[in-house]
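>>> how would this look folded up:
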Amino acid sequence: MAKPKGFEKPAGVRDYLPRAVTKLRKIEKDVLHCMSRWGYRQMITPTLEYYDTVGVASSTSDQKLYKLLNNRGQALVLRSEMTAPVARVVSSLLKDEPLPLRLSYHANVFRAIEEEAGREAEFFQTGVELVGDDSPEADAEVVALAIASLQAAGVKSFKIAIGHVGFLDGLFQEAVSGLPQAQEELKSHLLSRDYVAFRETLRRLELSAAQKQELDGLLRLRGGKEICGQALELSNHPVARASIEHLCKVWEVLVAYGVSEHVLIDLTMIGDFSYYTGMTFEGYASELGFPVCSGGRYDNLLQQFGRPIPSTGFSLKTNRILDGVSGLLEEEELPILVQYDALRRQEGLAEAARLRSEGYAVVTRLATGPEELKTVKRLDADTIQAEGELYGEIYTFVSFVSEHG
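Now for the predicted structure:
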């Protein structure tokens, strides 16, 4: 195996330069502030977790977990998502707090990747978990908060697609009964959005014309509230019908929130996390072809930690928002320069301290002669690039000139 070069990084990780960090921290700050206004309290969990607890419970496939051993020989993992760690804390340190719990987080997570895939092995998530409420109101709350969070992050144009795991399960149990392998194959095509392969698989299955028509009708179930009625006509399975009735109630609450214009019902959507048990949703920015947020209900996850209570939540894919959404506001504060000579150093540094105490960003500089003094001027783009600096204001404390900048 070749030795890494001097400046080489592992595949899938990146350096964030100052301008990107400024944008990333603004997204983080604004989104967490939005979540706090909805009553969600921020928490932090360890980067390292035990494989036999959080690793096993995680939604991430075992092949994508970063695993390592500690000095006692115990298997650890780098957290691959935040829902399982939050579930661990809710089931232990927060077990005596009254329900429902509203928790938020911002964290980096890690997933092993194939180097040629061009994906990130480390990325950021900002999200919430609403624990202890299985009502349509709770599902609608996290969807409405996801919308508010995307707006707080600076995403101007987006759509939230909502579906329900139970509808697909009921539909497949009704139309492809006794063929679990075929069910998994059809679900796999839905997950990858490969509708051509879905229809091809459907064509090959030995099903009645009515069954094939029922399953093919699934691909047309995308739109507004009218989709609920069409879905009820498509399937008589009790699980499917109960799921659609729940989704209709969620829609009604979203209308009351005044956010239904951002939402569409997409019953072809299937969550790629094994612990989703009910409503699932994804958010798409208009200029990106992949989700910038995802979430749903996972009522069975906490049971793995000994506390069987319902939960729902979502996470923003902060890196995708940072990299792929144009027009995000950049508020880069230009620092004040305080320059001084050796005789007036104390005076200059005292002024710098005063300005910092008032909340300004300040840099200081020792000037040994008039030719080294910076002057107050706005530089053009070429000069900025050449000199590599730009100051909002300049304060000058020197003994060899009489005026201040």
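
>>> Now the element after the helix-or-strand element of the chain with minimal mean pLDDT, going C-ward?
Every helix and strand in the chain was compared by mean pLDDT, DSSP states H and E; the lowest is helix 381-387, with a mean of 46. Using DSSP states H and E, the helix or strand that follows helix 381-387 towards the C-terminus is strand 393-397.

>>> which SSE is Ala210 in?
Going by DSSP H and E, Ala210 is part of helix 209-217.

>>> buried stuff in that helix?
Across helix 209-217, burial judged by 16 or more other CB atoms under 10 Å covers Gln211, Glu214, Leu215, Gly217. In this view, the C-beta of every residue, glycine as well, is placed from N, C-alpha and C.

>>> Stretch 21-34 too?
For stretch 21-34, by 16+ other CB under 10 Å, it's Lys23, Leu24, Lys26, Ile27, Glu28, Asp30, Val31, Leu32, Cys34.

>>> what's the answer for stretch 172-179, then?
Quick answer for stretch 172-179 (16+ other CB under 10 Å): Phe172, Gln173, Glu174, Ala175, Val176.

>>> So the last one is in contact with Leu215, correct?
Yes - if you go by CB atoms under 8 Å, Val176 and Leu215 touch, sitting 7.3 Å apart.

>>> Need the overlap of contacts for these two.
Common contact partners of Val176 and Leu215 (CB atoms under 8 Å, 6 or more residues apart in numbering): Leu186, Leu207.

>>> Spatially, and excluding backbone neighbours, which residue is closest to Gly313.
Nearest non-adjacent residue to Gly313, counting by CB to CB, 6 or more residues apart in numbering: Glu129, 3.8 Å away.

>>> Let me know the secondary structure of that neighbour.
Look at Glu129: counting by DSSP: H, G, I helix; E, B strand; the rest coil, its state is strand.

>>> measure it to Gln74 for me?
According to CB to CB, to the nearest Å, Glu129 stands 27 Å off from Gln74.

>>> Likewise for Leu288?
Leu288 sits 40 Å away from Gln74, going by CB to CB.

>>> When the two are compared, which one has more neighbours?
A count of neighbours by other CB atoms under 10 Å puts Leu288 above the other of Leu288 and Gln74, at 18 against 11.

>>> quick one, what contacts the more buried one?
By CB under 8 Å, 6+ apart, the contact set of Leu288 is Arg320, Gly324, Val325.

>>> burial measure for Val143, as a count.
Neighbour tally, Val143, other CB under 10 Å: 29.

>>> My guess is it contacts Ile160. True?
Yes - between Val143 and Ile160 a contact is recorded at 6.1 Å, counting by CB under 8 Å.

>>> what do these two both touch?
The contact lists of Val143 and Ile160 share Val263, Phe281, where a contact means CB under 8 Å, 6+ apart.
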